[in-house]
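[1] Sequence plus predicted model, see below.
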Amino acid sequence: MNGLSGVINIYKEKGYTSSDVVSVVRKALSCKTGHAGTLDPQAVGVLPVLIGKATKIADYIGCAKRYQAGLQLGVTTDTDDLTGKVLTEIPVNAGMESIKNTVRTFLGETLQAPPMYSAVKIGGKKLYELARAGKVVERAPRPVNISQIDVIDYNPDTHMAIIDVTCSRGTYIRSLCADIGRALNCGGCMGELVRTLSGPFCISNSITLGRLKEYIADNRVNEIVAPIESVLKYKMISAQFQEKLIANGNPVLVSACENGYEVSDGEYAFLTLNGITAGLYVRAGDVFRLRVMLYGE
């Protein structure tokens, strides 16, 4: 389906890697694909899959994500989740109120080191590849933001809590669970994980790969593709008669655009030609400078 561009809100099922999902969609639609945020193979939920020109905007989808996760207290593993090898088992003395109070201390901006079992690359190697080879390397902490975190359930018999978390892109929930367990002096790791929200995409509107194939068979796939402009809600600026500059990737004068002064310095905007989105630009003083070319492809 050449010419199709946008984002499909896929419900990733357990057992699939994010790359598996992207590969299935690529083969089904015969177009370039990518995704906006990795989910672990055992995790389920929202996985926005980018198709066509939308693959170019992955770095600009710095959207908030929301999760419901099992937090197993009293256990640590080498993977920071229940699929790993158990390293320690420590009695849990904390009750619901103590757990809630500790969890609230993780609100706001903080530094978080990515787990060894993650797709982050160090020295050209993915961390999980190094971990599987028995290697542990230093990981520089990265800034993350947790804007909301609540304990919504706790079983004192199994010491399993359910936490609801809204956080910035790049936050690792398994690392968060391990950090909470450490703060409670009993250790902890992640159990089940469900991503319920990723930017404008929520789990209630997501579709499985099976449903996607049904839409394709019925020739209705356009109904489930969110346009780039609806995902990145930037202003639309008419750059009529600037086609040559745009085609060559050159800066475009703000004054030459019909409504260019609606955009502030440093702000992003889509420039359009004849109502068609030509590219993603940023205003830099008196000109718009190209960030992502979407024209003529």
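    Sure thing, it's come through.

[2] okay, how far is it across stretch 263-279, tip to tip?
    End-to-end span of stretch 263-279 (Cα to Cα, to the nearest Å): 15 Å.

[3] So, low pLDDT: which residues of the stretch 51-200 of the chain?
    Applying pLDDT under 70 to the stretch 51-200 of the chain flags the ranges 62, 130.

[4] how about 50 then?
    Residue ranges of the stretch 51-200 of the chain with pLDDT under 50: none are present.

[5] center of the chain, which residue is that?
    Geometric centre of the chain, nearest residue: residue 37, 3.1 Å, by Cα atoms, centre = their mean.

[6] how about that residue, secondary structure?
    coil (DSSP: H, G, I helix; E, B strand; the rest coil).

[7] helices and strands around the one helix or strand residue 46 maps to, which ones?
    Taking DSSP states H and E as the criterion, residue 46 maps to strand 44-51. Here strand 44-51 touches strand 6-12, helix 18-29, strand 33-35, strand 188-198, strand 201-202, going by 3 or more Cβ pairs under 8 Å, 6 or more residues apart in numbering; DSSP states H and E. Every residue, glycine included, has its C-beta placed from N, CA and C.

[8] and the longest one, what does it pack onto?
    Using 3+ Cβ pairs under 8 Å, 6+ apart as the contact criterion, the secondary-structure elements in contact with helix 18-29 are strand 6-12, strand 33-35, strand 44-51, helix 209-217.

[9] Next: the shortest one.
    Counting contacts by 3+ Cβ pairs under 8 Å, 6+ apart, the secondary-structure elements packed against strand 201-202 are strand 6-12, strand 44-51.

[10] could you point out which element follows the last one?
    Elements were assigned by DSSP H and E; along the chain past strand 44-51, the next helix or strand is strand 65-73.

[11] Parallel or antiparallel, list what pairs with that next one.
    Sheet pairing for strand 65-73, assigned by DSSP bridges, gives strand 160-167 (antiparallel), strand 188-198 (antiparallel).

[12] Could you identify which of the ones you listed is most buried?
    Using mean count of other Cβ atoms under 10 Å, the stretch among these with the largest mean neighbour count is strand 188-198, at a mean of 22.

[13] tilt between it and strand 44-51?
    With axes from the mean of the first three to the mean of the last three Cα atoms, to 10 degrees applied, the angle from strand 188-198 to strand 44-51 works out at 50 degrees.

[14] Compute the inter-axis angle for strand 188-198 and strand 6-12.
    Using the same axes, to 10 degrees: strand 188-198 against strand 6-12 is 140 degrees.
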